[in-house]
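> The sequence and its predicted three-dimensional model are supplied below.
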Amino acid sequence: MTSKMQEFDDYSHDLANRVEALLKIYEVVPKNMPSGSILQLQLEDGNQLEVSKKQLKAKRNELIDEIHRTLPKKFRKARKRKRQAEPGSFSGAYTPVVVSTVLREFVKNVDLGRIDPRDPKSPRLVDHLTCIQQGYGLRNSFQLIWFISIYHNKMQNVNDKTTLKPDREMSKIFSSHEHPSRYINGIDSEGKFYTEKNTEGLSTFEVLEYRNRVLEKKEKAFDPECLKIYCFPIILSLNIYKPGDLTEDVKDILKSDSLRKQLLSEYEMLKKTKDNWKEYMNDMKETESK
């Protein structure tokens, strides 16, 4: 896959070639070229090109506009490329985090099945998630739990893989006022989302409904019975404690080598389980197709 910087290099070279070609045309254009007249140019391949003064001016303005507008945007985009973090780096998607009670309840109560769905004697996954049950985990660990719960409980819509129907436990947990969302969403003057403390005790689903209806102004109403499968990053962002809301003791715990070693072990177990599920589902598809 072409990197963002390589894409920028290719684009900038193409732009430079177009500017150079236009400058070469201007070199042979008479200084007092009458308006409406046509200039005939002999190309290197032997063909002729007819260019009017109006066309030259339009192309010049187009390139100037592209240099001023498009080039800086593409450069900024290229600079934003980041090397993908590794789990052991404890950064990015693998940052150690603390989650609110609603996600702890999710881990404890939603059936996550066994580590290997193909082996009925395989250990239960939740029994290997000691730290995560207490609310500590790598950020991406909770994303893996989300997908494993969907696979095991067969929530994914067979006709539309982008949607899911939550089971009773998932609906109960994310609709709970006993365990409300930690944060709610707002939107600033630039149209960017931000989070603030949920002082009204709204459930996670109520926050998603408000975001859908008021902030994003979507025509289709939020349906708690039919969720987009990729809505979990929003749910996660609403229920991960911000560093400023953690005590110094908890911050120290997140930095400890012993905890991080355990969090990495639990992540690897989750990754293994998800891979097992992928293999299992692929085997099922092959069996059904025969």
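Arrived safely, thanks for sending.

> next one: the lengthiest helix in the chain to chain centre, how far?
Criterion DSSP state H: the longest helix present in the chain is helix 257-289. Relative to its parent chain, helix 257-289 has a centroid offset of 20 Å by C-alpha atoms, centre = their mean, to the nearest Å.

> So which bits of it are buried?
Buried positions in helix 257-289, judged by neighbour count with 16 or more other C-beta atoms under 10 Å: R260, Q262, L263, L264, E266, Y267, M269, L270, T273, K274, N276, W277. Using the backbone N, CA and C atoms, a C-beta is placed for each residue, glycine as well.

> Relative to Y194, which of those is nearest.
Y194 lies nearest to L263 out of the buried residues of helix 257-289, by C-beta to C-beta, at 27.3 Å.

> For burial, what's the neighbour tally of P180?
22 (other C-beta atoms under 10 Å).

> Would you list the phi and psi of the residue nearest to it when sequence neighbours are not counted?
Nearest-residue entry for P180: G201, 4.6 Å, with adjacent residues in sequence omitted and distances by C-beta to C-beta, 6 or more residues apart in numbering. Main-chain dihedrals, G201, degrees, to the nearest 10: phi 70, psi 30.

> With the one 5 residues further on instead?
With angles defined as degrees, to the nearest 10, E206 shows backbone torsions of phi -70, psi -40.

> got the contact list for it?
By C-beta atoms under 8 Å, 6 or more residues apart in numbering, E206 lies in contact with S175, S181.

> State the pLDDT value of Q6.
Q6 carries a pLDDT score of 65 in this model.

> any idea how far E219 is from K165?
Separation of E219 from K165 (C-beta to C-beta, to the nearest Å): 21 Å.

> Where does pLDDT dip in the chain?
1-6, 8, 13, 28-29, 31-32, 39, 41-49, 79-83, 290 (pLDDT under 70).

> Much appreciated, bye for now.
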